[in-house]
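**Student:** Sequence and computational prediction follow.
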Amino acid sequence: AQRVTQPEKLLSVFKGAPVELKCNYSYSGSPELFWYVQYSRQRLQLLLRHISRESIKGFTADLNKGETSFHLKKPFAQEEDSAMYYCALRGGYNFNKFYFGSGTKLNVKP
Amino acid sequence: AAGVIQSPRHLIKEKRETATLKCYPIPRHDTVYWYQQGPGQDPQFLISFYEKMQSDKGSIPDRFSAQQFSDYHSELNMSSLELGDSALYFCASSLGSRNTGELFFGEGSRLTVL
């Protein structure tokens, strides 16, 4: 069953505009959620994790258990934010299984 | 800094052939994960290893097998290859079983089955 859903394949915004990348999940138990990012010609890398409640590169994400969502937000998008963003959920018997969404390509236009 | 190394980067095989992909984790990392990403699809979790033992299993076909060796590198063996096995195979590593959740990914091995 699909565990992580990213409904938008592509999101285009202008520089300086707010951006929100949507992520919904289904999981029984307490989820651990992450956002990973892949910049052009680079490896997939961790952007942020919900348990850290951190802001990385101006991005934040709040876990909403009622709506089972973990949307990624940034108030003012920059051109260098253009990348592929993947939402991920950790689970599995030994907690060593990460489910990734299908990804959203963010294109920030000048 | 040393990153996760995957080899080969590109591989072309015929149907029904066998392929082996290798993954060398970051030094001291003891956990390895394998993912398969078909064209336009999400990365699908195949299998993970912790301390040379299988940790979690995902949608890995029976034709595939994997193991983690004493030096912590891992190999994914794929037999009786099918056209649908054409994909980008990612390996990732981390430190510890209950780690922070930060996976370090390799650049991937692209398998093309003709």
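**Tutor:** Happy to help now that I have it. What you are looking at is a predicted structure, and each value in this text was computed from that prediction instead of being measured.
**Student:** Which helix or strand in chain B has the lowest average pLDDT?
**Tutor:** strand B:53-57 (a mean of 89; mean pLDDT, DSSP states H and E).
**Student:** Off-centre distance for that one?
**Tutor:** Offset of strand B:53-57 from its chain centre (Cα atoms, centre = their mean, to the nearest Å): 13 Å.
**Student:** Quick one: list the elements packing against the helix or strand following it.
**Tutor:** Counting by DSSP states H and E, the next helix or strand C-terminal to strand B:53-57 is strand B:64-68. In terms of contacts (3 or more Cβ pairs under 8 Å, 6 or more residues apart in numbering or on different chains; DSSP states H and E), strand B:64-68 is packed against strand B:44-50, strand B:74-78. Yep, even glycine has a C-beta here, placed from its N, CA and C like the rest.
**Student:** buried stuff in strand B:64-68?
**Tutor:** The neighbour-count check on strand B:64-68 (16 or more other Cβ atoms under 10 Å in any protein chain shown) flags B:F64, B:A66, B:Q68 as buried.
**Student:** Tell me what angle that strand forms with strand B:74-78.
**Tutor:** If you take axes from the mean of the first three to the mean of the last three Cα atoms, to 10 degrees, strand B:64-68 sits at 170 degrees to strand B:74-78.
**Student:** CA atoms of strand B:64-68 as CSV?
**Tutor:** Only the C-alpha atoms of strand B:64-68 are listed here, as CSV (Å, rounded to 0.1, in the frame of the first residue of the first chain):
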residue,chain,number,x,y,z
PHE,B,64,17.0,-10.9,-6.6
SER,B,65,19.2,-11.6,-3.6
ALA,B,66,21.5,-9.3,-1.6
GLN,B,67,24.0,-9.6,1.2
GLN,B,68,26.2,-7.4,3.3
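**Student:** Show me where the chain dips below the pLDDT cut-off.
**Tutor:** No chain specified, so I'll use chain A. For chain A, the stretches flagged by pLDDT under 70 are A:1-2.
**Student:** should've been chain B
**Tutor:** For chain B, the stretches flagged by pLDDT under 70 are B:1, B:97-99.
**Student:** Okay, and the beta partners of residue 34?
**Tutor:** Answering for chain A, as no chain was given. On the basis of DSSP bridges, A:F34 is bridged to A:R49, A:A88.
**Student:** wrong one, I was asking about chain B
**Tutor:** Assigned bridge partners for B:W34, using DSSP bridges, are B:I47, B:C91.
**Student:** Touching, it and B:Q68? I think so.
**Tutor:** No: contact between B:W34 and B:Q68 fails when scored by Cβ atoms under 8 Å: they sit 10.2 Å apart.
**Student:** looking at the helices and strands packed on strand B:64-68, which is buried most?
**Tutor:** With neighbours taken as mean count of other Cβ atoms under 10 Å in any protein chain shown, those reach their highest mean count in strand B:44-50, at a mean of 23.
**Student:** same for that one, what does it pack against?
**Tutor:** Applying 3+ Cβ pairs under 8 Å, 6+ apart, one finds that strand B:44-50 contacts strand A:97-100, strand B:31-37, strand B:53-57, strand B:64-68.
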